[in-house]
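> would you be able to build a 3D model of this:
(chains A, B, C and D)
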Number of protein chains: 2
Amino acid sequence: MNEKKKLTLKDIGRELGISVSTVSRALKEHPDIAQETIKLVKDYAESNNYVPNLLAVNFRKNRTFNIGLIVPELVHHFFSTVISGAISEANNQGYNLMVSQSNDILKDEVLASRAMLNSSVDGLLISISNETHEGKHILEFLEKGKPVVQFDKITEKLPTPKVIVDDKDGASAAVKHLIEEGFTKIAHIRGREDVKNASERCEGYKNALKVAGLENHDYWIKTCIKISEQEGYDFTKELMEGENPPNGIFCITDLVALGSMRYLKENGYAIPKEVGIMGFSNWMLSSVVSPRLSSVEQHGFQMGVESTKLLLEMIKKQDVESIQTVELKTELIVRESSRMSNSEM
Amino acid sequence: MNEKKKLTLKDIGRELGISVSTVSRALKEHPDIAQETIKLVKDYAESNNYVPNLLAVNFRKNRTFNIGLIVPELVHHFFSTVISGAISEANNQGYNLMVSQSNDILKDEVLASRAMLNSSVDGLLISISNETHEGKHILEFLEKGKPVVQFDKITEKLPTPKVIVDDKDGASAAVKHLIEEGFTKIAHIRGREDVKNASERCEGYKNALKVAGLENHDYWIKTCIKISEQEGYDFTKELMEGENPPNGIFCITDLVALGSMRYLKENGYAIPKEVGIMGFSNWMLSSVVSPRLSSVEQHGFQMGVESTKLLLEMIKKQDVESIQTVELKTELIVRESSRMSNSEM
DNA sequence: AAGGATTGTGCAACCGTTTGCGGTAAATTT
DNA sequence: AAATTTACCGCAAACGGTTGCACAATCCTT
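This is a model prediction of the structure:
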């Protein structure tokens, strides 16, 4: 009782007494076809609600209308925001989005990309895992003429366009803001050395200090491995118990900042009176913790949109050579955790 | 220089001097084919790394190996967790997952489902929007013989299998826990009346009170519209400023609980000493706020896995009639916000 | 009025695989 | 030795569109 037979071009042709090819052309208003024929066919198709068999079309044209997307982690505020943007733009242009995750494991990333490569996708959006270096599995896409766009976590080794946020600039702005609020001894809890974003943010931190001519010490820089709340807590403890405790901390991420704040609150430090805190990424949680956490918005949605636009452009013009880099600006979000002045009321 | 011509069955046949059909059958070890022929073909295919054109196969077989998934909101801890589970299970079984979101807008949901319906998906996983009631666009899937599985936010009106969590039981357990910890006047900040999950949780709340023989008042039940942090704050204010303030609050969601806690902290109430708080959903943030928030884990990952399993089973046996309901058990996560006793140390 | 240009349509190949059916040669049975 | 079975393999249609090309009919030249 299910699976009613679908209407095909052949059916229409038979019914209307014209050939399949004419029907096909009429439907797409080919100039060769007489207006009245076009109307005839279109009307019939409309009222019998004909829908073309995409499987057949795609097979013939050798493309799907799908694009793939792989992120290290799906359950992650920033990445899910990017995905949201990618879906939006893809759907706008008539494409569907296929999603997978690598869990930051190279093997899983290879598996996921292979699954998508074989004719189920016209192009790929990817934010690579920490373990990805060579990226042979990515090159396979290019070899098959399927464009790839990297976003956020990228590697320069792969000849594809890249969409990233200006981490260095964002970090600089964050630290500059702390300085302007009067914080003079600013520490940084950073991420792994081999992760580009982390290094960029650290660069931005150092630059801001240098420009302002403030003290800077290696012992004010702590390096997270997992970027966890606990690490934020532990490193803040180290910092505050050290000999020259800071009065401001710039954290690689909001989650780490949360840990930092937990330590400070537990130990009676007033935020921001005694210690100012800046996060990064502007996760939803930053606006609901107390004190509300200042952060740096990365415009993940926009990143998803831009990456997808780039990819679809390449798909449409069969271009697989482009390697431009788009750098998105961040936005400083000032909340309570860093505001000494009463600038807003 | 790209798009190297792909090897086809025809190529192999020509090269080996056998017919296309024999090659095809040899590759899948059809009993009609001689062992040596099989070996011959397989070896050739292997060393010239033949990969079948999935587009052609799918067209021929009229299926895609893709499944669709639609959620109200992608940037949402619970839903992204479900998606993560769905991807995991789908990939395990050789399927790709196509993801879309409705933003809780019916029109968007219809658009998304239509985009998937036309031959790009073999079945659908959906958590419906608040605006979805009839669900004609869902029925279209069934009419075409494509199975649908509903999860989390469901409607009984659609004849499909459903995977839900036992909200009532979870809520009951949460409130029961508050009671056991000694809280005697327990309020509830609930979600919209027309959302099933919200009503179930409210039921569970009422039941627990009744079983324990505690007071219950309509004025202890507040109804959120947007389920926001601010609503948690505002309703808690109302509750605490009312004539018979509660000493425990069960919130529909962790986010609301956060708002609740913010009001209490700002106004000098000790948590949990004076007021105990329970959230629901066990978002990541519940473990990083202070005091850490007790909550109810919904096992989103498992929900994604189960839903996908159900769907793939139906796809494989061409079954579109099944309507079983799977109810997942929740898990009480006790943290600081509700613990009066020192039961664990 | 004859030739060429224009307009509209159909034929048939094609995309790569799958599969029902028929056919041949060898092996087995009687 | 004839009849039947078995083991292999190929032909060709089919899936549902797309598209190059040929062709017929009509129109416009001169």
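> in the stretch 151-300 of chain A, what residue is nearest DNA strand C?
A:T160 (25.8 Å; C-beta to the nearest atom of the strand). (C-beta placed from N, C-alpha, C; glycine too.)
> ok, that residue - contacts?
A:T160 sits next to A:138, A:142, A:147-150, A:322-323 when contact means C-beta atoms under 8 Å, 6 or more residues apart in numbering or on different chains.
> 6 Å instead, please
A:148-150 (C-beta atoms under 6 Å, 6 or more residues apart in numbering or on different chains).
> between those, which sits nearest DNA strand D?
For these, the nearest to DNA strand D is A:V148 (25.1 Å; C-beta to the nearest atom of the strand).
> number of nearby residues for the closest one?
By the measure other C-beta atoms under 10 Å in any protein chain shown, the count of residues near A:V148 is 23.
> near chain B, which residues of the stretch 201-345 of chain A?
A:229, A:258, A:262, A:285, A:288, A:290, A:320 (C-beta under 6 Å from any C-beta of the partner chain).
> which pair of the residues you listed spans the longest distance?
A:S290 and A:V320 (49.9 Å; C-beta to C-beta).
> more neighbours, these two?
Using other C-beta under 10 Å as the criterion, A:S290 and A:V320 rank with A:V320 on top: 21 against 17.
> the more buried one contacts A:P147, correct?
Yes: using C-beta atoms under 6 Å, A:V320 is in contact with A:P147, at 5.1 Å.
> can you name the residue of the stretch 51-200 of chain A nearest DNA strand C?
For the stretch 51-200 of chain A, C-beta to the nearest atom of the strand, closest residue to DNA strand C: A:R60, 4.0 Å.
> just the pLDDT at the one residue sitting closest to the centre of chain A, thanks.
Geometric centre of chain A, nearest residue: A:V82, 3.8 Å, by C-alpha atoms, centre = their mean. pLDDT, A:V82: 98.
> and the helix or strand where it lies with helix B:77-92, angle?
Element membership for A:V82 (DSSP states H and E) is helix A:77-92. Between helix A:77-92 and helix B:77-92, the angle comes out at 70 degrees (axes from the mean of the first three to the mean of the last three C-alpha atoms, to 10 degrees).
> ok now helix A:77-92, how far from the chain's centre?
8 Å (C-alpha atoms, centre = their mean, to the nearest Å).
> that one and chain B in contact?
Yes: for helix A:77-92, a contact with chain B is found by C-beta under 6 Å from any C-beta, at A:80-81, A:83-84, A:87.
> and the residues you listed as CSV, adding distance to A:K237 and neighbour count?
CSV is the format used below for the residues of helix A:77-92 next to chain B (distance: C-beta to C-beta, whole Å; neighbours: other C-beta atoms under 10 Å in any protein chain shown):
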residue, distance to A:K237, neighbour count
A:S80, 31, 25
A:T81, 31, 23
A:I83, 35, 26
A:S84, 36, 21
A:I87, 41, 24
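> just the closest of those residues to A:D166, please.
A:T81 (17.2 Å).
> if I look at A:S343, what pLDDT would I see?
49.
> just the strands in the stretch 1-150 of chain A please.
A:66-71, A:96-101, A:124-126, A:148-151 (DSSP state E, counting those that start in this stretch).
> ok so, going back, packing partners of the helix holding A:V82?
Where contact means 3 or more C-beta pairs under 6 Å, 6 or more residues apart in numbering or on different chains; DSSP states H and E, helix A:77-92 is packed against strand A:66-71, strand A:96-101, helix A:300-316.
> would you list these in CSV and tack on mean neighbour count, distance to B:S199 and mean pLDDT?
Shown next, in CSV, are the helices and strands packed on helix A:77-92 (neighbours: other C-beta atoms under 10 Å in any protein chain shown; distance: least, C-beta to C-beta, whole Å; pLDDT from 0 to 100):
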stretch, mean neighbour count, distance to B:S199, mean pLDDT
strand A:66-71, 26, 35, 97
strand A:96-101, 25, 31, 96
helix A:300-316, 22, 32, 97
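> including distance to B:I164, could these go into TSV?
As requested, the helices and strands packed on helix A:77-92 are arranged in TSV below (distance: least, C-beta to C-beta, whole Å):
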stretch	distance to B:I164
strand A:66-71	27
strand A:96-101	23
helix A:300-316	30
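> dump the ones you listed to a markdown table, plus distance to DNA strand C.
Converted to a markdown table, the helices and strands packed on helix A:77-92 look like this (distance: least, C-beta to the nearest atom of the strand, whole Å):
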| stretch | distance to DNA strand C |
| --- | --- |
| strand A:66-71 | 18 |
| strand A:96-101 | 21 |
| helix A:300-316 | 19 |
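> B:I154 is nearest to which of those?
Using C-beta to C-beta, the helices and strands packed on helix A:77-92 put strand A:96-101 closest to B:I154, at 22.3 Å.
> now do that closest one and helix A:300-316, the angle between them.
Using the same axes, to 10 degrees: strand A:96-101 against helix A:300-316 is 120 degrees.
> which secondary structure elements does strand A:96-101 contact?
strand A:66-71, helix A:77-92, strand B:96-101.
> and the ones you listed as a markdown table, adding distance to DNA strand D?
Formatted as a markdown table, the helices and strands packed on strand A:96-101 follow (distance: least, C-beta to the nearest atom of the strand, whole Å):
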| stretch | distance to DNA strand D |
| --- | --- |
| strand A:66-71 | 17 |
| helix A:77-92 | 21 |
| strand B:96-101 | 21 |
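> what ranges do the helices span in the stretch 151-300 of chain A?
Here the stretch 151-300 of chain A has its helices, by DSSP state H, counting those that start in this stretch, at A:167-180, A:196-212, A:229-241, A:254-266, A:300-316.
> filter the residues of the stretch 201-345 of chain A next to chain B by proximity to DNA strand C?
By C-beta under 7 Å from any atom of the strand, no member of those lies near DNA strand C.
> among these, which one lies nearest to B:G300?
Nearest member of those to B:G300, counting by C-beta to C-beta, is A:L285, at 17.6 Å.
> who's in contact with A:F301?
Applying C-beta under 6 Å, 6+ apart, the residues near A:F301 are A:81, A:84-85.
> double-check A:P72 against A:D104; I have them as touching.
Yes: with contact defined as C-beta under 6 Å, A:P72 counts as touching A:D104 (4.5 Å).
> now the common contact residues for those two.
A:S129.
> more neighbours: which of these two?
A:P72 (22 against 16).
> report the contact partners of that one.
A:102, A:104, A:129.
> relative to B:I227, how far out is the residue lying closest to A:K206 once chain neighbours are set aside?
The shortest distance from A:K206 to any non-neighbouring residue, by C-beta to C-beta, 6 or more residues apart in numbering or on different chains, is to A:N216 (6.6 Å). The spacing between A:N216 and B:I227, counted by C-beta to C-beta, to the nearest Å, is 44 Å.
> next up, the contacts around A:W220.
Counted by C-beta under 6 Å, 6+ apart, A:W220 has contacts A:187, A:246.
> pLDDT value on it, please?
pLDDT at A:W220 comes out at 97.
> check A:K4 too.
55.
> likewise for the one 10 residues further on?
We note a pLDDT of 93 for A:R14 in this prediction.
> check A:S120 too.
82.
> what about it, how many neighbours?
21.
> what's the spacing between it and B:N91?
12 Å.
> over to A:V121?
A:V121 is 14 Å from B:N91, by C-beta to C-beta.
> do the same with A:N244
51 Å.
> who has more neighbours out of the two?
B:N91 (18 against 11).
> who touches stretch A:135-155?
A:110, A:113, A:117, A:123-128, A:158, A:160-163, A:303, A:307, A:310-311, A:314-315, A:320, B:2-3.
> rerun that using 7 Å as the cut-off
Applying C-beta atoms under 7 Å, 6 or more residues apart in numbering or on different chains, the external contacts of stretch A:135-155 come out as A:72, A:82, A:110, A:113-114, A:117, A:122-128, A:132-133, A:157-158, A:160-164, A:196-197, A:303, A:307, A:310-311, A:314-315, A:318-320, B:2-4.
> among these, name the buried ones.
Listed as buried from the contacts of stretch A:135-155 are A:72, A:82, A:110, A:113, A:117, A:122-128, A:132, A:158, A:160-164, A:196-197, A:303, A:307, A:310-311, A:314-315, A:320; burial here means 16 or more other C-beta atoms under 10 Å in any protein chain shown.
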